[in-house]
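Visitor: Using only what follows, build the 3D model:
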Amino acid sequence: MNLRHRALLGAVALAIIAAPAYAQQSSTVTQADVQRLQDNVYLADRDLSQLRSRDATRATQLGTELDDLRDEVVYLKVKLRKERTLSRTEYSDVRDRIEDLRSRARSDVAAAAPASTPTPAPAPSSAANSATTASRSTSAPGNTTSTPSTTATTASSVEVPVGTEIDVRLQNALNSGTAQVEDRFEGATLADVIVDGRLAIPAGSIFRGVVTAVEPGTRTNRTSKITVSFDQVTLNGRSYPIRGTVTQAIEGEGIRGEAGRTAAGAGVGAIIGGILGGFKGALAGILIGGGGTIAATEGKEVELPQGSVLRVRMDSPVQIDTQTRH
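Guide: Residues are numbered from 1 along each chain as shown. Next comes the predicted model:
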């Protein structure tokens, strides 16, 4: 009896020890969890931006790691959408690596920080306050997207706030019948984005998009869908992570005659008024749903021709470094 009792107690003890690990392995990873990973990647990029002004070499090294982690987060997001399940271990590994990178970036910033305490700047005068208020006035429509900012900017950077809407002209056609999940595509911004009177994103900057879900039309499913999001903007030779959602699709007049200028970002602002005036309105036969899902309404495939314009809402702020401009 003693031996049997001991064996039983041993089995119970092993079960108790293994239970937490099993629970962690089998617990459900949700889209909200993956969204937190994307938020952490954005925060890590901000950590690196602070480090870059003090140690550019170290920031570049960590930036390469962050690019890999950003791709892994996109992979997890797509995998969860396709397979409806995701290993908690796989999720936790990426989460911990992002936190480790952030910890190293913050430690490097602390190590590089000067020991002396800076003297507080004097309070701005009423005249300075008036000048600041005036700089936030909205410019004339058509040539720019002017965005008053409620976030802090510095002399070397400007932050594009959440909610900013930016028109992006597709440089690739998208079709729900041929697109595949994880397909990448690009578009060029149509107008300068101005924040607090300062140029944040010039016309012609490249937005990178990714197909995150697609449902082609079939005999039984006549409502084809394609979901896209934007995860990166490139300007002045530098890329910044973003999170953007499509809110509207507009029928454009193609990119004939302006493709070269748009791609180069030269002279685009001067012709924005004419381009906007030539729009025919929302693309017929499609409906924009939540989360950037574009659905067909006429039993056909979702078709976004090259030159179509997608209005993209920024769902996360992005800090643009203005020191690298020439």
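Visitor: what are the phi and psi angles of Q171?
Guide: Phi and psi for Q171, reported as degrees, to the nearest 10, are phi -100, psi -10.
Visitor: Counting neighbours, what do you get for it?
Guide: As a burial measure, Q171 scores 17 neighbours (other C-beta atoms under 10 Å). To be clear about C-beta, it is placed using only N, CA and C from the backbone, and glycine gets the same treatment.
Visitor: ok, now how distant is the nearest residue to it once chain neighbours are set aside from V246?
Guide: Closest residue in space to Q171, ignoring its immediate chain neighbours: E186 at 4.9 Å, by C-beta to C-beta, 6 or more residues apart in numbering. Distance, E186 to V246, by C-beta to C-beta, to the nearest Å: 14 Å.
Visitor: Tell me which of the two has more neighbours.
Guide: Taking other C-beta under 10 Å, E186 and V246 do not tie; V246 has more neighbours (22 against 17).
Visitor: how close does the closest residue to the more buried one other than its chain neighbours sit to P202?
Guide: The shortest distance from V246 to any non-neighbouring residue, by C-beta to C-beta, 6+ apart, is to G292 (4.4 Å). Using C-beta to C-beta, G292 is found at 24 Å from P202.
Visitor: Check T220 too.
Guide: Distance, T220 to P202, using C-beta to C-beta: 47 Å.
Visitor: Measure how buried the residue nearest to V246 is and give me the count.
Guide: Around G292 there are 22 residues (other C-beta under 10 Å).
Visitor: do the same with N221
Guide: 11.
Visitor: helix/strand/coil for it?
Guide: Assigned state for N221: coil (three-state reduction, DSSP: H, G, I helix; E, B strand; the rest coil).
Visitor: Point out where the stretch 201-326 of the chain drops to low pLDDT.
Guide: Scanning the stretch 201-326 of the chain for pLDDT under 70 picks out 252-281, 324-326.
Visitor: go again using 90 as the cut-off
Guide: 217-223, 236-237, 248-293, 296-300, 307, 321-326 (pLDDT under 90).
Visitor: quick one, strands of it?
Guide: Ranges of strands within the stretch 201-326 of the chain are 206-215, 225-235, 238-250, 286-288, 293-296, 303-304, 309-314, 318-321, based on DSSP state E, counting those that start in this stretch.
Visitor: got TSV for those strands, with distance to D93 too?
Guide: Output for these, formatted as TSV (distance: least, C-beta to C-beta, whole Å):
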stretch	distance to D93
strand 206-215	21
strand 225-235	21
strand 238-250	20
strand 286-288	35
strand 293-296	29
strand 303-304	36
strand 309-314	29
strand 318-321	27
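Visitor: What's the separation between T220 and G299?
Guide: 12 Å.
Visitor: With neighbour numbers in mind, choose between the two.
Guide: More crowded of T220 and G299, by other C-beta under 10 Å: G299, with 11 against 5.
Visitor: Walk me through the domains of the chain.
Guide: Using automatic domain parsing, the domains assigned to the chain come out as 2-112, 143-321.
Visitor: Tell me where the chain has helices.
Guide: Ranges of helices within the chain are 2-26, 31-52, 56-83, 88-112, 126-134, 259-264, 272-277, based on DSSP state H.
Visitor: Do me a favour and get the end-to-end distance for stretch 299-312?
Guide: By C-alpha to C-alpha, to the nearest Å, the extent of stretch 299-312 from end to end equals 25 Å.
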